[in-house]
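K.L.:
All I have is the shape, not the residue letters:
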């Protein structure tokens, strides 16, 4: 028996070491792998999403304009309901409904067998295996519809984030502007200054952080409105939008770098060119305080509400999921 205990201990220790490696090193290698893929597809995806955002911004500016006149909970609920129903319809016509129906019937039959033959171990194990296999088949049949839906949903969420993720500065409030530059940290930064700052005033800055290639300004908002900040970087002029006011309105916290993920997450302003001295400009807008349409919470509410409305309308649309 001692050899058996030694074997079990060896297996457990080996599995523990493997799990520790996967957690400490494996995730790092996985992150590097996805980063490599991101860099490989960026030359295609970055301009693609840049062009798509031009169209989406124009359409969303009209379609989502009523958000500004509604309570946040109501607008998010309406958007969630419409999205849930549309995704159901997309799933119905992009999935193999007949195959899903057969798999679900097989799962029901095996679940019934588990209840009727619970004393038969062979039947129990066989039925459990078939239930598990059926769940994997359902996941496979759902993969293609999910791939079809992921792009439009991501574009929709990015547009919603402009309304719900941040709120505008109010007159008298202070904020931080951060400009991130390209280049080697060992090389001196080019001259940077704010040429025009309508609607606000600079209280501190620019503060240059050479190691991070950043220039920062502290500003105080003064007048409501959508303003254009004009920067001068090495004799070249660059703009960034500043929003001051109350209520729900589109707020772009970042003018992004030419990176497809940044362009997707911050769609409102034109990304910087590949050869630009400036990588990105961000404004530290305040968080929006709400459980249904506030910072980060709006996303959870959106998914829960979309799921609820999808379940409500599922029998009417006659879709198998």
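P.N.:
Cool, got the structure. Note that the coordinates shown come from a computational prediction; the quantities given were computed from them, not determined experimentally. Numbers count the residues shown, from 1 in each chain.

K.L.:
Can you name the residues in contact with stretch 258-278?
P.N.:
Applying Cβ atoms under 8 Å, 6 or more residues apart in numbering, the external contacts of stretch 258-278 come out as 38, 41-42, 45-46, 48-50, 53, 56-57, 154-155, 158-159, 161-162, 179-183, 190, 231, 233-234, 236, 238, 240-241, 250, 252-257, 279-280. All C-beta atoms are positioned from the backbone trio N, CA, C, and that covers glycine.

K.L.:
What's the ChimeraX syntax to select whichever of the residues you listed are buried?
P.N.:
Only the buried entries of the contacts of stretch 258-278 go into this ChimeraX selection, using 16 or more other Cβ atoms under 10 Å:
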select :42,45,46,49,50,53,56,57,155,158,159,161,162,179,180,181,231,233,238,240,241,250,252,253,254,255,256,257,279,280
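
K.L.:
Please flag which of the contacts of stretch 258-278 sit within strands.
P.N.:
179-181, 231, 233, 236, 238, 240-241, 254-255, 279-280 (DSSP state E).

K.L.:
Between the residues you listed, which sits nearest residue 215?
P.N.:
Nearest to residue 215 among those is residue 179, at 4.7 Å by Cβ to Cβ.

K.L.:
The closest one: what's it in contact with?
P.N.:
192, 214-216, 231, 233, 278, 280-281.

K.L.:
from the residues you listed, which is closest to residue 125?
P.N.:
residue 280 (56.0 Å).

K.L.:
helices or strands next to the helix of greatest length in the chain in the packing?
P.N.:
Secondary structure of the chain per DSSP state H: the longest helix is helix 121-164. If contacts are counted by 3 or more Cβ pairs under 8 Å, 6 or more residues apart in numbering; DSSP states H and E, helix 121-164 sits against helix 27-63, helix 72-94, helix 97-116, helix 260-265, helix 297-317.

K.L.:
how does this protein divide into domains?
P.N.:
71-165+297-317, 174-283 (automatic domain parsing).

K.L.:
Quick one: end-to-end length of the last one, please.
P.N.:
In this case it means domain 174-283. 11 Å (Cα to Cα, to the nearest Å).

K.L.:
Same question for the first one.
P.N.:
Across domain 71-165+297-317, the straight-line distance between its terminal residues is 29 Å, by Cα to Cα.

K.L.:
what is the rounded mean pLDDT of that domain?
P.N.:
Domain 71-165+297-317 shows a mean pLDDT of 88.

K.L.:
in which helix or strand would I find residue 205?
P.N.:
If you go by DSSP states H and E, residue 205 is part of strand 200-209.

K.L.:
what is the mean pLDDT for that strand?
P.N.:
Here the average pLDDT along strand 200-209 is 91.

K.L.:
Quick check: next helix or strand after that strand?
P.N.:
Next along the chain after strand 200-209, with elements defined by DSSP H and E, is strand 214-221.

K.L.:
Pull out the buried residues from that next one.
P.N.:
So, applying 16+ other Cβ under 10 Å, buried residues of strand 214-221: 214-217, 219, 221.

K.L.:
Distance from it to the middle of the chain?
P.N.:
Centroid displacement of strand 214-221 relative to its chain, using Cα atoms, centre = their mean, to the nearest Å, is 26 Å.

K.L.:
Could you do stretch 279-295 as well?
P.N.:
For stretch 279-295, the distance to the chain centre is 14 Å (Cα atoms, centre = their mean).

K.L.:
Just the residues contacting that stretch, thanks.
P.N.:
Under Cβ under 8 Å, 6+ apart, the answer for stretch 279-295 is 71-73, 75-77, 163-169, 173, 175-182, 213, 231, 238, 240, 242-243, 248, 251, 253-257, 262, 272, 297-298, 301.

K.L.:
In JSON lines: the helices and strands packed on helix 121-164, plus distance to residue 133.
P.N.:
Formatted as JSON lines, the helices and strands packed on helix 121-164 follow (distance: least, Cβ to Cβ, whole Å):
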{"stretch": "helix 27-63", "distance to residue 133": "27"}
{"stretch": "helix 72-94", "distance to residue 133": "22"}
{"stretch": "helix 97-116", "distance to residue 133": "9"}
{"stretch": "helix 260-265", "distance to residue 133": "36"}
{"stretch": "helix 297-317", "distance to residue 133": "24"}
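
K.L.:
thinking again about what came up before, from the contact counts, what lies against the strand holding residue 205?
P.N.:
Counting by 3+ Cβ pairs under 8 Å, 6+ apart, strand 200-209 packs on strand 192-196, strand 214-221.
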